[in-house]
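1. Curious how this folds, go ahead:
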Amino acid sequence: MIHRRAEETLRRLASQFPIIVITGPRQSGKSTLAKAVFPDKRCISFDDRAMRDLALANPADFIAAFPDGAIIEEAGKVPDIFDALKLHADRSQFTPGQFILTSSAKFRIGHNMTDSMCGRAAFLKLLPFSVKELKDASALPDNPYDVIFGGQYPPLRDPGKRVIPEDWYESYLDTYLDLAVREKINTVNLPSFRKFIRICAVHSGHLLSMDSIAREAEVSAPTIKKWLSILESSFIIHFLEPDTGSHSRKPVKTPKLYFTDSGLLCHLLRIASKEELLLSRHKGIVIETFVIAELLKRRVNSGKATQLSFFRDKYGFEVPAIADWNHPFAMEIASRHAPDAKLAGNARRYAGLREDCEVRSAVFYLGDVSMTINGTSYVSWKDWESFIS
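-> Predicted coordinates:
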């Protein structure tokens, strides 16, 4: 089993809060993580209709049936369970880490959880494997394109399963549409929604333009707004917000759209192999998507706010990633295997624009050796998480 970096975070949160909610895309390993940390807890799933019906009939009695707590998978399928958990937490002796809930969709838990669990629950997001997790488990391929093209969902990195990415991703999309989307949109729109997902893939790494996506998908802009919310709520995509820090430039105020897994992105772009990816016009965006996802994983695995943005002004000057962490970083992303001092030009220029603090520059590239050149960190794809720690 590959050790998850979020395990320490889950233990930390479970020592403080009676209820922990683990969210993330389907097949990201949420239940596996919960069971690994709490092997003695009873595990129930609301994917099981019998359990779901019992909880729907009387949520309070259902919770009371587990005095030692439990792991509840897909808790959002029974919205009233959150009110029952609130009452249980208020009336019972404080017991940290009593109930561990998982959910693969934020839209199922949003309002109920916000209203009921304030101050009683902690949230942990779990995305697919990070490069660091694969590296620590000696499961990281030597070629970065094996990871970028193949993706990082746990089933794809299980040596015992021998899963073909193309088949797995197609099945994943079918399951996602059936389980996560069907309940949110009219069934007759499912073919249009599948087309919409592929259109979003072409827009990954670009400024969000709902009007453009609406024209290509041949549906209304309000519909696109709703559908984008569904993708974001099920952790398929992430919106990277623009940096509006203290500088004299006039930044754009539109977010960028990114997929959270480069393998799924390759599948949606109909890239059939890593060799085809090398020659694809989408290669740069796929690599950028891969890097942004890695940066996000390091933060969410630690239970921290992402505090990640990008910078672009109205003249087209851009830095792909701005990290406002312990020390601000301006980060360039390169698809090259060799460091080049020219790659850091925009990051250094951005650092000069900031009037409020000193900004360090970094370049993430696909080489095997990390080094410093003229004050800029050139970070190997294998060392990203160690660097951003």
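2. And the pLDDT at Asn326?
-> pLDDT for Asn326: 79.
3. And it, how close does it get to Arg52?
-> Note on Asn326: its distance to Arg52, by C-beta to C-beta, to the nearest Å, is 44 Å. The C-beta positions use only the backbone N, C-alpha and C, and glycine is treated the same way.
4. With Asp313 instead?
-> Using C-beta to C-beta, one gets 51 Å for the distance from Asp313 to Arg52.
5. give me the number of residues near Val202?
-> Taking other C-beta atoms under 10 Å as the criterion, the count of residues near Val202 is 16.
6. per-residue pLDDT, the residue nearest to it when sequence neighbours are not counted?
-> Nearest non-adjacent residue to Val202, counting by C-beta to C-beta, 6 or more residues apart in numbering: Leu269, 7.0 Å away. The model reports Leu269 with a pLDDT of 97.
7. wait, what's in contact with Leu269?
-> 198, 201-202, 280, 282, 286 (C-beta atoms under 8 Å, 6 or more residues apart in numbering).
8. Just the buried ones among the residues you listed, please.
-> Of the members of these, the ones counted as buried by neighbours, 16 or more other C-beta atoms under 10 Å, are 201-202, 280, 282, 286.
9. which of Asn326 and Arg52 has more neighbours?
-> Arg52 (18 against 8).
10. hang on, the earlier thing: switch the buried ones among the contacts of Leu269 over to JSON lines; also include distance to Phe99, pLDDT and secondary structure.
-> Output for the buried ones among the contacts of Leu269, formatted as JSON lines (distance: C-beta to C-beta, whole Å; pLDDT from 0 to 100; DSSP: H, G, I helix; E, B strand; the rest coil):
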{"residue": "Ala201", "distance to Phe99": "37", "pLDDT": "97", "secondary structure": "helix"}
{"residue": "Val202", "distance to Phe99": "41", "pLDDT": "97", "secondary structure": "helix"}
{"residue": "Ser280", "distance to Phe99": "46", "pLDDT": "96", "secondary structure": "coil"}
{"residue": "His282", "distance to Phe99": "43", "pLDDT": "97", "secondary structure": "coil"}
{"residue": "Val286", "distance to Phe99": "39", "pLDDT": "97", "secondary structure": "helix"}
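11. Adding distance to Pro59 as columns, could you present these in TSV?
-> Formatted as TSV, the entries for these read as follows, by distance: C-beta to C-beta, whole Å:
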residue	distance to Pro59
Ala201	39
Val202	43
Ser280	50
His282	47
Val286	44
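12. Report the separation between Cys357 and Val379.
-> Cys357 sits 21 Å away from Val379, taking C-beta to C-beta as the criterion.
13. Have a look at the two and say which one is more surrounded.
-> A count of neighbours by other C-beta under 10 Å puts Val379 above the other of Cys357 and Val379, at 24 against 11.
14. Secondary structure of that one: a helix, I assume?
-> No. With DSSP: H, G, I helix; E, B strand; the rest coil as the criterion, Val379 is located in strand rather than a helix.
15. That one reaches Phe387, doesn't it?
-> Yes. Counting by C-beta atoms under 8 Å, Val379 sits close enough to Phe387 to count as a contact (4.6 Å).
16. Now do the strands in the stretch 251-389 of the chain.
-> Using DSSP state E, counting those that start in this stretch, the strands of the stretch 251-389 of the chain run over residues 256-259, 308-312, 318-324, 328-333, 360-365, 371-373, 376-380.
17. helices and strands around the first one, which ones?
-> Here strand 256-259 is seen to pack against helix 190-203, strand 206-207, strand 237-242, helix 283-301 when contacts are counted using 3 or more C-beta pairs under 8 Å, 6 or more residues apart in numbering; DSSP states H and E.
18. mind checking which of the ones you listed is nearest Ser15?
-> Proximity to Ser15 (C-beta to C-beta) singles out helix 283-301 among the helices and strands packed on strand 256-259, at 17.3 Å.
19. Now do the buried residues in the closest one.
-> Judged by neighbour count using 16+ other C-beta under 10 Å, the buried positions of helix 283-301 are 283, 285-301.
20. Equivalent analysis for stretch 149-167, please.
-> Quick answer for stretch 149-167 (16+ other C-beta under 10 Å): 149-154, 156-157, 163, 165.
21. what do you get for stretch 8-27?
-> Taking 16+ other C-beta under 10 Å as the basis for neighbour counts, the residues of stretch 8-27 that come out buried are 9-10, 13-14, 17-27.
22. Ile2 is in contact with Ala137, correct?
-> Yes. Using C-beta under 8 Å as the test, Ala137 is close enough to Ile2 to be in contact (4.3 Å).
23. of the two, who's got more company?
-> Residue environment comparison for Ala137 versus Ile2 gives the larger neighbour count to Ile2, 16 against 13, counting by other C-beta under 10 Å.
24. pLDDT wise, what is the more buried one at?
-> 91.
25. That one: what's it in contact with?
-> For Ile2, the residues meeting the contact criterion (C-beta under 8 Å, 6+ apart) are 129, 133-134, 136-137, 139, 154, 157.
26. redo that, cut-off 6 Å
-> 133, 137 (C-beta atoms under 6 Å, 6 or more residues apart in numbering).
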